[in-house]
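Enquirer: Next input, structure requested:
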Amino acid sequence: MSLATRKEYMFNMRERYLKAKTRKEKSQILDEVVKMTGYHRKHALQVLNSKTTLFHPKVIKRANPKQYQQSMPIIQKVWEALDYPCAERLHPVLLATAEHLARHGELVLSDQIREELRRISRATLARRIKIWRSPKPKKKTFSQSKALSHLRSQVPIETYHWDEQKPGALEIDLVEHNGGSAIGHFAYTLTVVDVVTG
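Expert: Take a look at the predicted model:
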């Protein structure tokens, strides 16, 4: 069945289906449509009830000229100078860093490029950065639950009855006072408490 024939056939069947009075009659029409077109039953039902289109219309994409072409080399230089940050981190400091690099003779900024750097959105910046290759190695991501289960299997942990009566059962806690970063020097606190004596 050609495309034009199938389209005409489906329009005729849709009219018949919508005029059908009984459920049995509608079911027979649906069976016939499935047999003739090879559609899945649910899809055929949607087409007959006008809940979906018969064929997807061709989407014509407009070829928009890419904006910010002149400022891309500048953005790339700033991105490299800041050690390849993501768009969320680069966007707020883009123009200020470009101005700073221009003052030190690392790049040249025209009024148009300054305006483009001021105007570019974070989303556009993210799309453009995505195609550039960063020399930094990609971080390996892993599931925290997998890491914890692996750690638990290596560290011997002994449990005891919670209602301890004899001194000697200890609770130990180690805390890093690092402000959320394990880089640099910071203090540790090791707390050891006897459960019974406190």
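
Enquirer: give me the low-pLDDT residue ranges for the protein?
Expert: 1, 3, 51-65, 138-147, 157-162 (pLDDT under 70).

Enquirer: all helices of it, in order?
Expert: 3-19, 23-37, 41-48, 72-81, 87-90, 94-103, 111-119, 122-130, 144-154 (DSSP state H).

Enquirer: just so I know, which of the ones you listed lies nearest Q165?
Expert: Comparing the helices of the chain against Q165 with Cβ to Cβ, the closest turns out to be helix 144-154 (28.0 Å). Backbone N, C-alpha and C define where each C-beta goes, glycine included.

Enquirer: Make sure A98 is actually in contact with Q76.
Expert: No - using Cβ atoms under 8 Å, A98 is not in contact with Q76; the gap is 11.0 Å.

Enquirer: So these two - more neighbours on which side?
Expert: Shown here are A98 and Q76; by other Cβ atoms under 10 Å, A98 has more neighbours (22 against 13).

Enquirer: For the more buried one, give me its contacts.
Expert: Neighbouring residues of A98 by Cβ atoms under 8 Å, 6 or more residues apart in numbering: I74, I75, K77, V78, L107, L109, I113, R114, L117.

Enquirer: what's the spacing between it and P73?
Expert: Per Cβ to Cβ, to the nearest Å, A98 is found 11 Å from P73.

Enquirer: cool, and E176?
Expert: 43 Å.

Enquirer: can the helices of the chain go into CSV with extra columns for distance to V192?
Expert: Formatted as CSV, the helices of the chain follow (distance: least, Cβ to Cβ, whole Å):
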stretch, distance to V192
helix 3-19, 79
helix 23-37, 74
helix 41-48, 66
helix 72-81, 49
helix 87-90, 41
helix 94-103, 49
helix 111-119, 56
helix 122-130, 49
helix 144-154, 21
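
Enquirer: wait, which of these is closest to V195?
Expert: Of these, nearest to V195 by Cβ to Cβ is helix 144-154, at 21.7 Å.

Enquirer: Now the residue nearest the centre of the chain: closest residue in space, sequence neighbours ignored.
Expert: Nearest to the geometric centre of the chain sits A126, at 12.3 Å (Cα atoms, centre = their mean). Nearest non-adjacent residue to A126, counting by Cβ to Cβ, 6 or more residues apart in numbering: A87, 3.6 Å away.

Enquirer: which residues touch that neighbour?
Expert: R122, A123, L125, A126, I129.

Enquirer: Likewise for R89?
Expert: Contacts of R89 (Cβ under 8 Å, 6+ apart): L82.

Enquirer: repeat for L174
Expert: Y188, T189, L190, T191.

Enquirer: Pull the residues that contact stretch 8-16.
Expert: M1, I29, E32, V33, M36, T37, V47, L48, S50, L54.

Enquirer: show me the contacts for V175.
Expert: Contacts of V175 by Cβ under 8 Å, 6+ apart are Y188, T189, L190, T191.

Enquirer: so the last one touches L170, yeah?
Expert: No - shown here, T191 and L170 do not form a contact pair, counting by Cβ under 8 Å, at 10.1 Å.
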